[in-house]
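Engineer: Predicted model and sequence below, questions to follow.
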Amino acid sequence: MSQHKVTLLLGSNLGDSEINLKVAIKLIEEKIGTVLALSEIIHSEPVEFVSNNNFCNIALILNTQFSPIKLLNIIKRIENEMGRIEDSSVTKYYTDRIIDIDIVQYGQLIFDCSKLQIPHIRHLYQREFSRKLLESIESIISLK
């Protein structure tokens with residue numbers, strides 16, 4: 001099976017956010033593929049909604065054999081397994097969450113359907129914290 005290099009962005013602003021990220025990364029490695037690089041963890045204020053809970057965020061690059069939709073389905077199961085109840089892609093609004101995992105890039109693929117858009121335009125171009133994480137992870141991977 002062919003492997004695809006995928007960039008994911010993870011965020012958490014409920015409970016012990018750093019532990020939530022570590023648990024999510026462990027589940028990603030068990031269920032999706034080999035993590036090649038991790039960015040530093042950065043903290044950010046909520047975007048597009050109001051909350052007193054700041055986010056812990058991390059980016060990672062991994063290899064996976066799964067197609068974009070299969071990958072999305074596994075990610076949604078991980079989020080649910082960790083206790084995420086509401087999905088902003090369904091509710092159309094953002095709330096606090098124990099874990100959020102977004103597919104930012106999937107190799108050089110351009111993919112657009114009702115469930116998923118790759119690349120994830122907001123993370124690549126509109127959100128400052130995302131750009132910082134993605135720049136740091138790209139520099140890590142280029143050193144390898």
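Structural biologist: Cool, got the structure.

Engineer: Find the least confident helix or strand in this structure, judged by mean pLDDT.
Structural biologist: In the chain, no helix or strand scores lower on mean pLDDT, DSSP states H and E than helix 88-91, which sits at a mean of 53.

Engineer: Paired strands for the helix or strand that that helix is followed by, with orientation please.
Structural biologist: Sequence-wise, the next helix or strand downstream of helix 88-91 (DSSP states H and E) is strand 100-106. Taking DSSP bridges as the criterion, strand 100-106 forms sheet pairs with strand 4-12 (antiparallel).

Engineer: List the buried residues in the partner strand.
Structural biologist: His4, Val6, Thr7, Leu8, Leu9, Leu10, Gly11, Ser12 (16 or more other Cβ atoms under 10 Å). (Glycine included, C-beta is placed from N, CA and C.)

Engineer: So what's the residue count around the closest residue in space to the fourth one that isn't next to it in sequence?
Structural biologist: With sequence-adjacent residues excluded and distances taken as Cβ to Cβ, 6 or more residues apart in numbering, Leu8 is closest to Leu60, at 5.4 Å. Counted by other Cβ atoms under 10 Å, the residues lying close to Leu60 total 24.

Engineer: Can you name the residues that contact Leu60?
Structural biologist: By Cβ atoms under 8 Å, 6 or more residues apart in numbering, the contact set of Leu60 is Thr7, Leu8, Leu10, Ile25, Ile28, Val35, Leu36, Ala37, Leu38, Ser39, Ile137.

Engineer: That one falls within a helix, correct?
Structural biologist: No - Leu60 is assigned strand when assessed by DSSP: H, G, I helix; E, B strand; the rest coil, not a helix.
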